[in-house]
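**Student:** Below: sequence and its predicted model.
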Amino acid sequence: MKNLKKIAVLALTLLAVLSCFTLCAFAEDVTGEPQPPVNDAPIQGTPDAPEAPTAGDTVATVLKNIFSGTNLALLGAALAVALPCMGSAKGVGIVGESATGLISENPSLFGKALALQALPMTQGVYGLVAAFLMLAMLGLFGNPEHLTSLPINAGAYYLMASLPIALSGYFSAVRQGRVSAAGINLLSKRPAESGKAITSSALVETYAIFALLVTLLLVFFSPFNA
C-alpha cells in the first residue's frame, strides 16, 4: 500500500509537470509577439497604438516567465540529484539501523557491515554526475548566456532526460538498502558469507546504472547543448 501511494504521488507530480508544459504552450500562443518598449509605444487611442494587455495576457506572461526553458532545465538537474540522494539517504539509514545492533554484539564485523551500508550511497553519486553533466552541457560553467536563452522545448527535453536516473535512482536506492539490511542479518549468523550478501545487494544497483546510462546519453547527445 505504501508503495502504491508513492507511485501515485510521483504520477501526480509528473501530471502536474505535463500540465505546466501545456500552460506554457498556451502562454506562448496568447502573448504572441513581444510588445514594443514603453518609450517607443504610440499613445493610447491613436490608430497605431497596441491594445492594452488583458488579464489573460498578464497571467500568460507570468506563466511563461516561471515555466521558462531555463527553469525547466534547472528543475531537471535538481531532480536528477535530489531524488537519488533522498533514496540513498533512506537506504543508508535502513542499513545503519540494522548494522548498529550487529556491531553492538560483534564489533569485529564493523568493516563488513560498513561495506553493505555504503552500497545504497552510489545512487546519490550517479544523480550528482548526471546533474553536473547536464549543467555543463547547458553552458552554466562556460556559456551562461546559452542557459538563460533556452527555449521551452529545450527545457522540457532536459527535464525528461533527468527522469530515468531521478526515478530509478530513488527506488533502487531504497530497495538496495532493504536488501543490504537483510545482508546484515546474514552476517549476524554467518559472518563468512559477506560476499554473498554484497553480491545480492549489488544486483539491485544494476538498474540504476542502466538508468544513468540513458540519462547520460540523452544529455550528451542533446541537440540543445551549448
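**Tutor:** Good, I have the coordinates. Numbers count the residues shown, from 1 in each chain.

**Student:** Where do the helices of the protein begin and end?
**Tutor:** Remark: helices assigned in the chain by DSSP state H are 2-31, 55-66, 69-105, 110-118, 122-137, 144-148, 152-189, 194-220.

**Student:** Any chance of those in JSON lines with mean pLDDT as columns?
**Tutor:** JSON lines is the format used below for the helices of the chain (pLDDT from 0 to 100):
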{"stretch": "helix 2-31", "mean pLDDT": "56"}
{"stretch": "helix 55-66", "mean pLDDT": "60"}
{"stretch": "helix 69-105", "mean pLDDT": "92"}
{"stretch": "helix 110-118", "mean pLDDT": "92"}
{"stretch": "helix 122-137", "mean pLDDT": "95"}
{"stretch": "helix 144-148", "mean pLDDT": "81"}
{"stretch": "helix 152-189", "mean pLDDT": "93"}
{"stretch": "helix 194-220", "mean pLDDT": "93"}
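
**Student:** Distance to residue 226 and mean neighbour count added to those, as TSV?
**Tutor:** Where C-beta positions appear, they are placed from N, C-alpha and C, glycine not excepted. Shown next, in TSV, are those (distance: least, Cβ to Cβ, whole Å; neighbours: other Cβ atoms under 10 Å):
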stretch	distance to residue 226	mean neighbour count
helix 2-31	22	13
helix 55-66	22	14
helix 69-105	11	21
helix 110-118	35	18
helix 122-137	7	22
helix 144-148	4	14
helix 152-189	11	22
helix 194-220	12	17
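
**Student:** how's this protein carved up into domains?
**Tutor:** 1-67, 69-226 (automatic domain parsing).

**Student:** who are the neighbours in contact with the residue most central in space within the chain?
**Tutor:** Of all residues in the chain, the one closest to the mean position by Cα atoms, centre = their mean is residue 79, 1.9 Å from it. Applying Cβ atoms under 8 Å, 6 or more residues apart in numbering, we find residue 79 in contact with 159, 162, 163, 166.

**Student:** change it to 10 Å
**Tutor:** For residue 79, the contacting residues are 13, 17, 127, 130-131, 159, 162-163, 165-167, 169-170, by Cβ atoms under 10 Å, 6 or more residues apart in numbering.

**Student:** Check residue 81 too.
**Tutor:** Neighbouring residues of residue 81 by Cβ under 10 Å, 6+ apart: 124-132, 134-135, 162, 165-166, 169.

**Student:** Pull up the gap between it and residue 138, please.
**Tutor:** Distance of residue 81 to residue 138, given as Cβ to Cβ, to the nearest Å: 14 Å.

**Student:** Ok, residue 114 next?
**Tutor:** Noted for residue 114: a distance of 37 Å to residue 138, by Cβ to Cβ.

**Student:** Name the surrounding residues that touch stretch 128-147.
**Tutor:** Stretch 128-147 has contacts (Cβ under 10 Å, 6+ apart) with 69-70, 73-74, 76-82, 84-85, 148-150, 154-155, 158-159, 161-162, 164-166, 169, 211-212, 214-216, 218-222, 224-226.

**Student:** All set, thanks.
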